[in-house]
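*Asks:* Turn this into a structure:
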Amino acid sequence: MIMDNIYSSHTDYAPMSPKLARAFEWLKSTDLKSLKPDQVISVDGERISAQIQQYSTIQPEEMRFETHRSYIDIQIVVSGRETIFWTPMACLGNIISPYDYHRDVVFFEDSEVSVPLLLVEGDYAVFFPSDGHKPKCVVEDPETVHKIVVKVAV
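*Replies:* Okay, the predicted model is just below:
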């Protein structure tokens, strides 16, 4: 898991993965606030896409931990604030629903060990397949969040 701000330099990611580097180039060169919710934008064919989301944050007990197998998530908050809970895959509870190939997601019971990540405008978190994460959680009270989830093929 990586947490940073989009206004920081991303030169560290190029050696790690050219696809991650390309995803960050797209994020930095795009007017993220102009993107409308419920769009899926192809950044680089099926290798990199961006899902534009808008929702109201909810209480953590209403969300589930998830992981992905085929894609890395870059979740960036465009406006609003949210808490995303992170835990290593080894600390996740039992599987609630089996792996959904089409959505590339598997859901888990809550974890007794997790770290809350507070994301505000411009902040992002990168979740690799071994990272359990529970997004869309309130910071204090429910609020509207505009977020982009960039899916990067592993």
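
*Asks:* The spatially most central residue of the chain sits in which helix or strand?
*Replies:* Centrality entry for the chain: nearest residue to the mean C-alpha point is Q75, 3.0 Å, by C-alpha atoms, centre = their mean. Using DSSP states H and E, Q75 sits in strand 71-79.

*Asks:* would you list every one of the strands in the protein?
*Replies:* 2-5, 40-44, 48-56, 65-67, 71-79, 82-88, 95-100, 105-108, 115-119, 123-127, 131-137, 144-153 (DSSP state E).

*Asks:* right, so of those strands, which gets closest to K19?
*Replies:* Judged by C-beta to C-beta, the one of the strands of the chain that comes nearest to K19 is strand 144-153, at 5.0 Å. Using the backbone N, CA and C atoms, a C-beta is placed for each residue, glycine as well.

*Asks:* Please name every helix or strand in contact with that closest one.
*Replies:* If contacts are counted by 3 or more C-beta pairs under 8 Å, 6 or more residues apart in numbering; DSSP states H and E, strand 144-153 sits against helix 18-29, strand 48-56, strand 71-79.

*Asks:* which one of the ones you listed has the most crowded surroundings?
*Replies:* strand 71-79 (a mean of 22; mean count of other C-beta atoms under 10 Å).

*Asks:* and the angle from that strand to strand 144-153?
*Replies:* 160 degrees (axes from the mean of the first three to the mean of the last three C-alpha atoms, to 10 degrees).

*Asks:* Dump the helices and strands packed on strand 144-153 to a markdown table, plus mean pLDDT.
*Replies:* Formatted as a markdown table, these follow (pLDDT from 0 to 100):
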| stretch | mean pLDDT |
| --- | --- |
| helix 18-29 | 93 |
| strand 48-56 | 98 |
| strand 71-79 | 98 |
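
*Asks:* Can you lay out these as CSV showing distance to Y124?
*Replies:* CSV is the format used below for the helices and strands packed on strand 144-153 (distance: least, C-beta to C-beta, whole Å):
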stretch, distance to Y124
helix 18-29, 8
strand 48-56, 12
strand 71-79, 4
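
*Asks:* measure Y7 to L32 for me?
*Replies:* Note on Y7: its distance to L32, by C-beta to C-beta, to the nearest Å, is 12 Å.
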